[in-house]
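> Can you look at this prediction? I've put the sequence above it.
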Amino acid sequence: MRYVDLDFLHPRPRPSLAAWVLLAVGIGLAAMVFFQHQALDGNIAREEGLARKLKADTAQASRSGRKAGVSQQVTAAEVKARLTTPWGALLDKLERTSRGKIALLSLEADDRRREASITAEARSAEDMLAYLEQLKQEAGMDGVVLSSHKILEEDAQRPIRFVLRLEWRR
């Protein structure tokens, strides 16, 4: 019979240098994956917070958008009122009262306040005052006031340039 030598207390072989290097690389990779996971969790939490904030801002914008829609409707109504203002009727009244003795130079009108400023020239002070009285008598013209006047000395005919302010109705 053969002799069998069973040695249970035999020392284990020492790990080689390659095993230790492989263990260190594995631990390093595990640490890297752990830190990347932590960073991704932080990014996800930040993105979720931004998404909640964006959702709240969108809800706020839609609420204010309704208010802006109402203000846009008011603005559209104002524009429509301005475009439908009977400017022709005002100009007809002004030209009808001038009768060739008055030269209308400019008209600045404010539709919202129903006020107008007229710059004109007259040959004489009597023509200017007569025009002023005619405008006061004209239907739809209120508060006709002579704002300023000046004799143009440099012109040979020496006309009077004057500014009227008035309120008008449709």
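Looks like it arrived, so ask away. Numbers count the residues shown, from 1 in each chain.

> average model confidence for the longest helix along the chain?
The residue-count maximum for a helix in the chain (DSSP state H) belongs to helix 17-83. Averaged across helix 17-83, pLDDT comes to 83.

> So what touches stretch 75-90?
With contact meaning Cβ atoms under 8 Å, 6 or more residues apart in numbering, stretch 75-90 is reached by 107, 109, 111, 112, 116, 140, 168, 170. Where C-beta positions appear, they are placed from N, C-alpha and C, glycine not excepted.

> In contact with the fourth one: list those residues for me.
Which is residue 112. Residue 112 neighbours (Cβ under 8 Å, 6+ apart): residue 78.

> again with the first one
Applying Cβ under 8 Å, 6+ apart, one finds that residue 107 lies in contact with 90, 91, 94, 116, 117, 118, 119.

> What's the PyMOL syntax to select whichever of those residues are buried?
Per 16 or more other Cβ atoms under 10 Å, the buried members of these correspond to this PyMOL selection:
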select buried, resi 90+94+116+118+119
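
> Among the contacts of residue 107, which lie within helices?
Short answer: the contacts of residue 107 in helices (DSSP H) are 90, 91, 94.

> Just send those back as CSV, with pLDDT too.
Shown next, in CSV, are the ones in helices among the contacts of residue 107 (pLDDT from 0 to 100):
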residue, pLDDT
90, 75
91, 76
94, 75
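
> chain center to the longest strand that the chain contains: distance?
Ranked by residue count, the top strand of the chain under DSSP state E comes out as strand 141-151. Distance of strand 141-151 from the chain centroid (Cα atoms, centre = their mean, to the nearest Å) equals 38 Å.

> again, but for stretch 84-91
Per Cα atoms, centre = their mean, the centroid offset for stretch 84-91 relative to its chain is 30 Å.

> Please put the alpha-carbon coordinates of that stretch into PDB.
C-alpha atoms of stretch 84-91 as PDB (Å, rounded to 0.1, in the frame of the first residue of the first chain):
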ATOM      1  CA  THR A  84     -62.400 104.500 -36.500                       C
ATOM      2  CA  THR A  85     -62.100 108.100 -35.200                       C
ATOM      3  CA  PRO A  86     -63.800 110.400 -37.800                       C
ATOM      4  CA  TRP A  87     -60.700 112.500 -38.600                       C
ATOM      5  CA  GLY A  88     -62.300 113.500 -41.900                       C
ATOM      6  CA  ALA A  89     -65.200 115.200 -40.100                       C
ATOM      7  CA  LEU A  90     -62.900 117.200 -37.900                       C
ATOM      8  CA  LEU A  91     -60.800 118.300 -40.900                       C
END
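
> Only the buried residues of it, if you could.
Those would be residue 90, for stretch 84-91 by 16+ other Cβ under 10 Å.
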